[in-house]
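>>> Make a model of this:
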Amino acid sequence: MFIQSPWFGLAGVALIPLQAYLIPMLQRQINVLNKKRIIQVRSFSSEIGETAAGISDLRANGGWRYRLAAFTDRLGRLFEIRFEIYQKKFFMKFLNNFITQLTPFFFYSVGGYLAIKGQITVGALVAALAAYKDLSNPWKELLTYYNQTQDMSLRWDVVTERFAPRGMIDAKLFEGEPDEIPHLKGPISFQNVTLRNHDGTRILDDLNIEIPMGARVAIEIPNQTERTAIAELLTREVSPTRGHITMAGYDLAGLHQAVLAARIGYAHSHPYLFKGTIGDNLLMSLRTSPKTVLWDPKQRDMSAIEAARAGNSLDSTKADWLDPGLAGLDTLEDVNDWWYQLVKSVDGEDVMFQRMVTDRIDPESRPKLAAAIVGLREEVYEKLKEKGLDKVVHRFDPDKFNPALALGGNLMFAAPLRNISQAGLASERGFLAMIIEQGLAEQGVAISQTLVETLHQTFGRDGTDHPLFTALGIDEELYEQLVDIAMRRRNKGDAALTEDEFSLLLTVPFAFTAEQIGPGFPETFKQEILAIRKHQGAAMREKAKDLFVPISPENYLPRLTILENVLYGRISAVAGLQADLVLDLVLEIFKAHDLQKAVAVTVFDVPTSIGGSNISQSFQERASFSRAAIKRPDILVFNQSLAGQDAEGFRRLRDRLGNLLPEMTQVYLDDHFSHPEDFDIFVKIRGGRVDGVAQSETPNQDDSISDDLRRKLRIIAGNSMFSNLDPRNQRLLAFAAQWFPVKKGERIFSTGQPADAVYLCLSGMGELYWTEPDGTKLHISTVEAGRLIGDLAVIMSEPRQLDFSATEDSQFLRIGADQFRSVIENDPVILLSLLRTVSGHLTGTAELLRTAGIHIPRDDAKRTPPTQDGQP
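Sure thing, here's the model as predicted:
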């Protein structure tokens with residue numbers, strides 16, 4: 001076109017620079033929105049995973065409506081982001097097409113003018129115009145968009161069908177609110193209840209159980225699958241295949257889920273804690289529906305409007321959900337008092353105090369407690385001096401360097417206002433400039449260099465998963481970055497570092513105390529810091545007032561723990577057992593001032609990660625109990641909960657709960673009860689039937705394959721060695737097992753034979769013995785029903801060490817060595833059971849040797865002892 005006419009060529013390319021500027025700019029905005037969308041989708045996916053994993057806790061504690069509201073809130077944000085993406089995306093396409101179609105206009109105007117002047121031919125103009133009238137690309141885009149919408153519509157139908165399996169509880173029992181939430185204070189009745197799993201295997205068979213109101217019931221079920229099934233039936237996580245369950249005369253199958261969530265508590269050993277706080281998780285059962293309505297008379301809340309249009313939950317997370325009335329209480333303070341009574345029922349008040357006194361609180365959300373703690377500082381200090389414990393506490397003193405305080409705190413005699421990461425501190429250029437102005441940069445970087453190199457020598461690159469490293473609180477990625485910076489500085493000097501890298505290295509002393517750094521923190525540097533504090537401390541505190549709060553007797557320091565605040569200092573890292581004495585002294589003072597409960601209640605503010613992974617297992621069990629009992633249920637089900645409690649502790653728990661809630665029915669599920677006489681009712685379930693109704697454990701020629709497999713499975717699941725195995729592995733063992741009848745006197749295996757199988761004794765009796773060269777049999781052990789024999793030789797792949805014969809007609813299950821090894825290599829539960837068994841045998845052997853007075857020779861017993869003159 002330029003050859004035909006320069007003006008014609010200019011007209012053709014005139015708008016290309018405009019497109020080159022506008023389109024990338026809009027695309028960058030779309031990319032930013034897409035990143036936001038991905039973050040929201042990932043968070044949504046995480047919440048879905050949490051809900052799926054903790055659905056039992058949601059149902060049992062009534063948290064599903066709030067969860068649905070949270071989903072709606074997340075979907076609303078996703079919708080807004082997507083809508084903005086589509087607006088920008090199609091505006092970009094419109095703008096691009098509009099600018100593209102402006103080119104023919106210029107062709108007509110400029111080209112027509114040139115044609116009139118005779119500078120170009122009409123044919124050349126028409127040829128150029130034809131090139132810009134190709135509509136194939138926009139049309140293809142339209143078709144692609146249409147195909148995508150149809151494809152997504154089809155995928156949506158498939159997904160909705162996938163999540164609607166048969167046997168689901170009627171959705172009406174979850175929607176809305178029931179007209180009333182009746183109490184379930186009455187008898188519990190199992191009427192001919194049978195339960196099968198998804199593949200038709202019978203788990204529970206024709207159960208008939210009557211539990212009167214207020215009874216304390218122990219149900220002993222060694223089989224984990226059966227025990228879980230009973231718990232899920234009581235909470236309606238599963239419905240009976242046949243039969244009915246009634247509670248206080250109500251058919252359990254017809255009750256609204258809100259009734260079950262309010263009236264049935266379920267505490268188990270593996271609760272699911274959702275991301276948020278301990279308070280969010282404990283109060284879930286009192287937040288079953290919104291109790292306030294957001295004021296929107298003109299219906300201008302677009303989030304609510306879009307939620308209604310999309311068919312999502314109309315409940316808002318911004319409303320007040322807490323309803324103490326579900327527990328028969330009036331205020332949040334009443335709920336806290338009731339929760340503390342539950343803590344005392346498991347003798348946990350001191351444990352809870354010790355856990356929370358070493359944690360932080362927000363003084364703005366708990367101003368009364370913060371003020372009380374500040375007021376106790378002098379009393380605590382005087383008591384410490386009386387007990388001689390003041391020496392193990394590094395108390396804050398404006399004239400002294402505190403080795404338990406980081407460099408920044410010592411320099412300004414101030415404590416952080418909020419959590420400041422090293423990366424965040426490195427970005428505070430003004431603060432670091434102040435450090436450099438005071439002449440501390442050179443020695444500070446030298447300390448950083450030494451400390452990072454020490455950490456690298458200690459932990460290396462692959463030791464960051466060690467508990468000692470975790471205790472330092474350094475992010476793994478940041479640690480690796482600091483190691484790289486320190487090594488480069490060691491090899492090439494400061495010139496090899498960028499300004500950002502130098503700043504990051506300079507922040508290391510602000511993350512550690514002099515005690516942690518050790519000898520690498522010179523005494524001269526401490527004196528230099530004190531001198532700067534004396535002359536420049538006030539000015540530095542003023543410059544950094546957004547980051548630090550002055551350390552003074554009247555200030556509560558938010559980034560220090562409750563214990564550190566009341567001590568007005570920190571316990572020395574070498575205090576040892578004296579630290580426990582300090583904690584005991586503080587506990588006594590808090591008790592005297594009636595502040596123990598106020599400290600314990602701060603546990604509600606403790607953050608929880610997904611699945612409660614940042615919370616210890618014992619604490620999770622206590623949280624499960626509190627969540628189940630805080631709603632003051634009519635029925636409380638314990639499924640191996642609070643395993644750390646001994647028999648006496650459980651007895652006190654039952655009695656205290658009985659006094660607190662005399663009409664509440666307590667149901668305890670476990671594999672064994674040491675004192676069943678302590679309960680009102682004691683029920684045994686064996687093989688899925690009450691009282692272990694006898695079922696044949698010998699093969700029958702008329703049995704079908706499935707009946708034979710179920711019989712083997714029942715035997716294996718009922719054995720103490722295999723009862724806690726994963727159900728899949730139990731089925732694998734049952735499938736591999738073979739019936740092995742043995743006559744009296746028949747030898748099952750002999751010394752020196754390859755270990756080709758393990759044997760589970762079902763009936764009869766056998767003997768393990770050692771055969772002397774002269775044929776004498778030395779008795780080693782008697783094998784009775786229920787014992788697994790031959791397993792150690794199989795695990796070690798060694799020949800048999802003993803002979804094993806039947807002393808009477810016996811029946812065994814024989815499991816091949818390869819099949820047995822394949823299971824134990826993939827299930828740590830059975831490994832632990834085997835370890836306990838071996839430990840028991842070793843203990844028994846030691847006791848036997850001690851009783852028999854047998855002398856075990858030392859390794860060097862064969863050496864001839866020397867005489868007094870050194871000659872043999």
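>>> residues contacting Phe174?
Counting by Cβ atoms under 8 Å, 6 or more residues apart in numbering, Phe174 touches 64, 256-257. Placement of C-beta: from N, CA and C, glycine included.
>>> Sort out for me which of these are in helices.
By the criterion of DSSP state H, membership of those in helices covers 64, 257.
>>> Closest to Asn223 out of the contacts of Phe174?
Using Cβ to Cβ, Gln257 comes nearest to Asn223 of the contacts of Phe174, at 27.9 Å.
>>> ok, the closest one touching Ala60?
No. Between Gln257 and Ala60 there is no contact under Cβ atoms under 8 Å: 9.4 Å.
>>> Comparing these two, which residue is more hemmed in?
Higher neighbour count among Gln257 and Ala60: Ala60, with 31 against 21, using other Cβ atoms under 10 Å.
>>> Turn the contacts of Phe174 into TSV, including pLDDT and distance to Gly279.
Output for the contacts of Phe174, formatted as TSV (pLDDT from 0 to 100; distance: Cβ to Cβ, whole Å):
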residue	pLDDT	distance to Gly279
Trp64	85	19
His256	93	26
Gln257	92	23
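>>> now the contacts of Phe174 in a markdown table, with distance to Lys387?
Below are the contacts of Phe174 laid out as a markdown table (distance: Cβ to Cβ, whole Å):
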| residue | distance to Lys387 |
| --- | --- |
| Trp64 | 52 |
| His256 | 58 |
| Gln257 | 55 |
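>>> which among the contacts of Phe174 gets closest to Ile30?
Trp64 (36.0 Å).
>>> Neighbours of the closest one, how many?
Trp64: 20 surrounding residues under other Cβ under 10 Å.
>>> what secondary structure does the residue nearest to it when sequence neighbours are not counted sit in?
Take Trp64 and drop its neighbours on the chain: the residue closest to it by Cβ to Cβ, 6 or more residues apart in numbering is Leu58, 4.8 Å away. With DSSP: H, G, I helix; E, B strand; the rest coil as the basis, Leu58 sits in helix.
>>> Contacts only, for Leu58.
Leu58 is in contact with 51, 64, 67, 284, counting by Cβ under 8 Å, 6+ apart.
>>> Repeat the analysis, applying 10 Å as the threshold.
Residues in contact with Leu58 (Cβ atoms under 10 Å, 6 or more residues apart in numbering) are 50-52, 64-68, 257, 261, 272, 274, 284-285.
>>> for Lys534, same thing?
398-399, 413.
>>> what do you get if the cut-off is 7 Å, keeping everything else the same?
Under the criterion of Cβ atoms under 7 Å, 6 or more residues apart in numbering, the contact list for Lys534 is empty.
>>> what about it, which helix or strand?
Element membership of Lys534, judged by DSSP states H and E, is helix 523-543.
>>> For that helix, buried residues please.
525-526, 528-530, 532-533, 536-537, 540-541, 543 (16 or more other Cβ atoms under 10 Å).
>>> For Glu333, give its distance to Trp339.
Separation of Glu333 from Trp339 (Cβ to Cβ, to the nearest Å): 11 Å.
>>> typed the wrong thing, it's Lys543
Lys543 sits 44 Å away from Trp339, going by Cβ to Cβ.
>>> now do Val393
Distance from Val393 to Trp339, by Cβ to Cβ: 32 Å.
>>> What of Ala544?
Distance of Ala544 to Trp339, given as Cβ to Cβ: 40 Å.
>>> what about these two, which has more around it?
Neighbours were counted for Ala544 and for Trp339 using other Cβ under 10 Å; Trp339 has more, 23 against 20.
>>> The more buried one against Ile630, yeah?
Yes. Taking contacts as Cβ atoms under 7 Å, Trp339 lies within contact range of Ile630: 5.5 Å.
>>> now the strands: where do they sit in the stretch 651-800 of the chain?
Ranges of strands within the stretch 651-800 of the chain are 665-670, 681-686, 689-690, 738-742, 747-749, 757-763, 765-771, 777-784, 788-789, based on DSSP state E, counting those that start in this stretch.
>>> Strand partners (parallel or antiparallel) of the longest one?
This means strand 777-784. Strand 777-784 pairs in its sheet with strand 765-771 (antiparallel), by DSSP bridges.
>>> for the fifth one, same thing?
According to DSSP bridges, strand 747-749 has the following sheet partners: strand 803-806 (antiparallel).
>>> Tell me where the stretch 201-350 of the chain has helices.
Using DSSP state H, counting those that start in this stretch, the helices found in the stretch 201-350 of the chain span residues 224-234, 257-263, 278-282, 302-310, 332-345, 349-356.
>>> Make TSV from those helices and add distance to Asn639 to it.
Below are the helices of the stretch 201-350 of the chain laid out as TSV (distance: least, Cβ to Cβ, whole Å):
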stretch	distance to Asn639
helix 224-234	4
helix 257-263	16
helix 278-282	18
helix 302-310	37
helix 332-345	18
helix 349-356	22
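>>> Least reliable of those by average pLDDT, please.
Among the helices of the stretch 201-350 of the chain, helix 302-310 has the lowest mean pLDDT, at a mean of 78.
>>> ok now the helix or strand where Ser503 lies, how far from the chain's centre?
Assigned by DSSP H and E, Ser503 falls within helix 499-506. Relative to its chain's centre, helix 499-506 lies at 35 Å (Cα atoms, centre = their mean, to the nearest Å).
>>> Run through the neighbouring helices and strands of it.
Counting contacts by 3 or more Cβ pairs under 7 Å, 6 or more residues apart in numbering; DSSP states H and E, helix 499-506 packs against helix 422-426, helix 429-437, helix 441-459, helix 476-492.
>>> tell me, how many neighbours does the residue nearest to Asn312 when sequence neighbours are not counted end up with?
Nearest non-adjacent residue to Asn312, counting by Cβ to Cβ, 6+ apart: Thr72, 4.3 Å away. A count of nearby residues for Thr72, using other Cβ under 10 Å, gives 22.
>>> Now for Thr72: which residues touch it?
By Cβ under 7 Å, 6+ apart, the residues touching Thr72 are 307, 312-313.
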